[in-house]
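# For reference, the sequence and a predicted model appear below.
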Amino acid sequence: MSGRHAVPSRWGHLYREIAKFGLVGLSGFVINLGVFNLVRSVAHWQTVRASVLATAIAIMGNYLGLRYFAYRDQTQDERSRRKELVLFLSFSAIGLVIENSVLYATTYGFGWDSPLANNICKLVGIGIATVFRFWSYRTWVFRVAGGQQDRTVADSRGGAPAFHAPSAAPPEPLLAAFQEKA
């Protein structure tokens, strides 16, 4: 693709990626809040304990949705798949801590422990953690390794190359020119 159509195609790919991530995230959000409120009201668990369980269950569903729906075009060998899962779980654990830190601080720090306050604070925590998860998943977990592979995946779908961060720093010819003269 050339010229003026290259940038809109890249942005279009990013928008599709965000939309798919959003659909998976929406299902995880429903699972997360549903399990949280069910465990709080039926089992009478403590707020943060119920939230950690709900988040962990949502993480399992999100992995399946991201791997087999949002990023299904990225084929890998078994070793790469294991690495992907370890990275996913690691970044998800960080997201779990972010999400539940907000709930912990508001519940035990400020004493906001009503069902309404818990749900609002959980929403805030989910929002902050979602931004982190989107960035980390697309940057480190569900990325295509290597520039040529990006083209192969994109060409098989009939679209533009994937819009991913480069795996290595680009060469800096300007600095090289100054070093040669010195």
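That came in fine, so what should we check first? Residues are numbered from 1 along each chain as shown.
# Give me the below-cutoff pLDDT ranges for the protein.
Applying pLDDT under 70 to the predicted model, the residue ranges of the chain that meet it are 1-8, 75, 144-182.
# Contacts only, for S136.
Neighbouring residues of S136 by Cβ atoms under 8 Å, 6 or more residues apart in numbering: 91, 94-95. Bear in mind the C-beta positions are built from the backbone N, C-alpha and C, glycine included.
# Generate a PyMOL selection restricted to the buried subset of those.
Selection command for PyMOL covering only the buried members of the contacts of S136, criterion 16 or more other Cβ atoms under 10 Å:
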select buried, resi 91+95
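# For the top helix by length along the chain, list every residue counted as buried.
Ranked by residue count and defined by DSSP state H, the top helix of the chain is helix 6-38. When burial is assessed from 16+ other Cβ under 10 Å, helix 6-38 yields the following buried residues: 10, 13, 17, 20-21, 24-25, 27-29, 31-33, 35-37.
# Which of those residues sits closest to I120?
When these are compared for distance to I120 (Cβ to Cβ), L33 comes out closest, at 11.2 Å.
# Distance check, the closest one against G109.
In this structure, L33 and G109 are 22 Å apart, going by Cβ to Cβ, to the nearest Å.
# How about S136?
With distances defined as Cβ to Cβ, the gap from S136 to G109 amounts to 26 Å.
# now swap in I128 and tell me
Remark: distance between I128 and G109 (Cβ to Cβ) = 16 Å.
# quick one, which of those two is more surrounded?
I128 (15 against 8; other Cβ atoms under 10 Å).
# what about that one, distance to G25?
13 Å.
# got it, and N100?
Note on N100: its distance to G25, by Cβ to Cβ, is 17 Å.
# Now for the closest residue to N32 other than its chain neighbours: which residues touch it?
Taking Cβ to Cβ, 6 or more residues apart in numbering as the measure, N32 lies nearest to A58, with 3.9 Å between them; neighbours along the chain are not counted. With contacts taken as Cβ under 8 Å, 6+ apart, A58 has the following neighbours: 28-29, 31-32, 35.
# repeat for F91
Counting by Cβ under 8 Å, 6+ apart, F91 touches 132-133, 136-137, 140-141.
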